[in-house]
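No letters, just coordinates:
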């Protein structure tokens, strides 16, 4: 077994260290593991036993996140009134005359690119089957438009109400996302790492999408909640959140794999555990662990309750299934979303390494109207591949599996477009960054270096987020 801050085969500390938002199932015993490489990132038992308060969540998660939202709002208004008028209007950039009207500018700046599709679906449903060979709206999943539609009706149903509802829902989902990220990371590590994870995610260069009429905040919020409840062994809540994520965007369906892994690991550990003193030889050790794992699963299969709990995992693919059934009933095409992706949007399945190699050989520079922001996309793609390895070494396996899937799935679609935005889903990367800048407590010299690194990360992320927010407000396709 590899040394890590949290072992890949270990559970979190089974103590009530977080706020009980919903009831959970009884926690099962953790699997005994070999000692991990000592790191200062591990949580002392006394801290893990402390309950988090609402005041802590407000101060260390919600307030910093809202602060970043205020800053990018100011940047957006600055770009609208002081940069947009200097540009010559060319297609497909938005018209300054339309965008600069106040107070409409407060909500129009947040609806760019995909946001228009979500507003249109909320207002008038999906397009006809004849549009599947075009850039149709069937690639956009229905949960977010449904929420926009309901919110707009509560706000009066005007055209502006749909934009305002989309922004409100995205930002409420953003707060939900940050609260669950804080609770999850605090449960796994400590409050300092949790608060820094929240800050790094909020300040990530494309983090302004969390406040725009996009699904990023809703999808990631449901994803983190799903993994949070899986780690607490609340399988039905995990399945429900995963199913809603799958109804939000295609990446949500990938949650079935890491959650299933976690369920099987926990159930197996309940019935069979490897001996405390494992051999140092890698092959012998692996053989014992694999044998113990499958013996535990075999014993677990004899009890009906384990099969019933496993049904919770079926809720995750049900989100996608609901959308597919709706497509069949509405336009008589069960696979409409997949047909639209390949026929209209030209995203074809291909090996991830093929896209990486092609992109490195064919850089796209100095083209702000190109839909592929090559520098941002290739950097985040390569960083994502590195995060998979980093997560495998430092985090429980559920995070590694999740990271691998959300990193590789877009790379398997034959297009690098929007990859910098997709990188927002790599939330384990922000946990790893936070652990890296919070490792040492016993050395003032090392602690000083980590604080300098923390400051550099915050300053770099914030600067790039401000620049990219300007790109977004100006409607440059490269940031989409």
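The structure has been received and is ready for your questions. Quick caveat: nothing in here was measured; it's all calculated off a predicted structure.

Okay, now the unreliable bits of the stretch 1-150 of the chain?
The model of the stretch 1-150 of the chain has pLDDT under 70 over residues 1-50, 88-92.

Can you point out the buried residues in stretch 149-162?
Within stretch 149-162, the residues that count as buried by 16 or more other Cβ atoms under 10 Å are 149, 151, 152, 161, 162. Glycine gets a C-beta too; all of them are placed from N, C-alpha and C.

got the residues you listed as TSV, with secondary structure and distance to residue 267 columns?
Putting the buried residues of stretch 149-162 into TSV (DSSP: H, G, I helix; E, B strand; the rest coil; distance: Cβ to Cβ, whole Å) gives the following:
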residue	secondary structure	distance to residue 267
149	helix	40
151	helix	40
152	helix	44
161	helix	48
162	helix	45
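
Contact partners for the spatially most central residue of the chain?
In the chain, the residue lying closest to the centroid (Cα atoms, centre = their mean) is residue 425, at 2.8 Å. Applying Cβ atoms under 8 Å, 6 or more residues apart in numbering to residue 425 gives the contacts 216, 219, 220, 223, 251, 406.

between the residues you listed, which is nearest residue 64?
Residue 64 lies nearest to residue 220 out of these, by Cβ to Cβ, at 16.5 Å.

What helix or strand is the spatially closest residue to the closest one that is not a sequence neighbour located in?
Distances taken as Cβ to Cβ, 6 or more residues apart in numbering put residue 177 closest to residue 220, at 5.2 Å, once the chain neighbours are dropped. Per DSSP states H and E, residue 177 falls inside helix 159-188.

immediately after that helix, which helix or strand?
helix 191-203.

neighbouring contacts of that next one?
When contacts are defined by Cβ under 8 Å, 6+ apart, helix 191-203 is touched by residues 41, 47, 52, 56, 60-61, 64-65, 68-69, 178, 181-186, 207, 210, 424, 427, 430-431, 433-435, 437-438, 454, 457-458, 461-462, 465.

and the gap between residue 402 and residue 384?
12 Å (Cβ to Cβ, to the nearest Å).

Run a quick check on residue 99 versus residue 79, I expect a contact.
No: using Cβ atoms under 8 Å, residue 99 is not in contact with residue 79; the gap is 9.7 Å.

intersection of neighbour lists for the two?
109, 473.

For residue 170, see how far away the residue nearest to residue 220 is.
Applying Cβ to Cβ, the value for residue 177 to residue 170 is 10 Å.

out of these two, which sits in the busier spot?
Neighbours were counted for residue 177 and for residue 170 using other Cβ atoms under 10 Å; residue 177 has more, 28 against 25.

Please tell me how far that one sits from residue 249.
Distance of residue 177 to residue 249, computed by Cβ to Cβ: 14 Å.

quick one: residue 328 from residue 129, how far?
11 Å.

Could you check which of the two has the larger neighbour count?
Set side by side, residue 328 and residue 129 show more neighbours around residue 129, with 17 against 13, by other Cβ under 10 Å.

Next up, the contacts around the residue nearest to that one when sequence neighbours are not counted.
The shortest distance from residue 129 to any non-neighbouring residue, by Cβ to Cβ, 6+ apart, is to residue 331 (3.8 Å). Shown in contact with residue 331 (Cβ under 8 Å, 6+ apart): 126, 128, 129.

shared neighbours of residue 328 and residue 129, which are they?
Shared contacts of residue 328 and residue 129 (Cβ under 8 Å, 6+ apart): residue 336.

hang on, the earlier thing: wait, which of the contacts of residue 331 is closest to residue 345?
Closest to residue 345, out of all of these and judged by Cβ to Cβ, is residue 126, at 14.7 Å.

which residues of the stretch 301-450 of the chain fall in helices?
Ranges of helices in the stretch 301-450 of the chain, per DSSP state H, counting those that start in this stretch, are 304-310, 315-331, 336-343, 352-361, 374-394, 397-411, 419-422, 427-436, 444-474.

Mind listing what's buried along the longest one?
What it means is helix 444-474. Counting neighbours by 16+ other Cβ under 10 Å, one finds that the buried residues in helix 444-474 are 447, 450, 454, 457, 461-462, 464-466, 468-474.

The fourth one now?
If you call a residue buried by 16+ other Cβ under 10 Å, then helix 352-361 has these buried ones: 352, 355, 356, 359.

Who are the contact partners of residue 222?
With Cβ under 8 Å, 6+ apart, residue 222 has these contacts: 241, 242, 244, 245, 248, 252.

Compare neighbour counts for residue 402 and residue 384 and give me the winner.
residue 402 (28 against 22).

Can you name the residues that contact the residue nearest to the more buried one when sequence neighbours are not counted?
Computed as Cβ to Cβ, 6+ apart, the closest residue to residue 402 that is not its neighbour in sequence is residue 258, at 4.3 Å. By Cβ under 8 Å, 6+ apart, the residues touching residue 258 are 227, 230, 398, 399, 401, 402, 405.

so how far is residue 123 from the second one?
To tie it back to what came earlier, the one meant is residue 230. Counting by Cβ to Cβ, the gap from residue 230 to residue 123 is 36 Å.

elements contacting the helix or strand encompassing residue 245?
Element membership of residue 245 [criterion: DSSP H and E] is helix 235-246. Packing partners of helix 235-246 (3 or more Cβ pairs under 8 Å, 6 or more residues apart in numbering; DSSP states H and E): helix 216-231, helix 256-271, helix 304-310, helix 315-331.

How far does the second one sit from its chain's centre?
The chain centre lies 21 Å from the centre of helix 256-271; the measure is Cα atoms, centre = their mean, to the nearest Å.

for the record, mean pLDDT for it?
For helix 256-271, mean pLDDT rounds to 95.

Distance from the following helix or strand past it to the middle of the chain?
Per DSSP H and E, helix 256-271 leads on to helix 282-300 as the next helix or strand towards the C-terminus. What separates the centre of helix 282-300 from the centre of its chain is 32 Å, taken as Cα atoms, centre = their mean.

which residues sit against helix 282-300?
Counting by Cβ under 8 Å, 6+ apart, 1, 9, 264-265, 267-275, 278-279, 306 sit against helix 282-300.

mind listing what residue 341 touches?
Shown in contact with residue 341 (Cβ under 8 Å, 6+ apart): 139, 347, 413.

Now do the first one against residue 369, distance only.
When you say that, I think you mean residue 139. 22 Å.

Equivalent analysis for the last one, please.
The gap separating residue 413 from residue 369 is 22 Å, by Cβ to Cβ.

Compare neighbour counts for those two and give me the winner.
Using other Cβ under 10 Å as the criterion, residue 413 and residue 369 rank with residue 413 on top: 22 against 12.

Need the phi and psi values for that one.
Dihedral pair for residue 413: phi -100, psi 10, per degrees, to the nearest 10.
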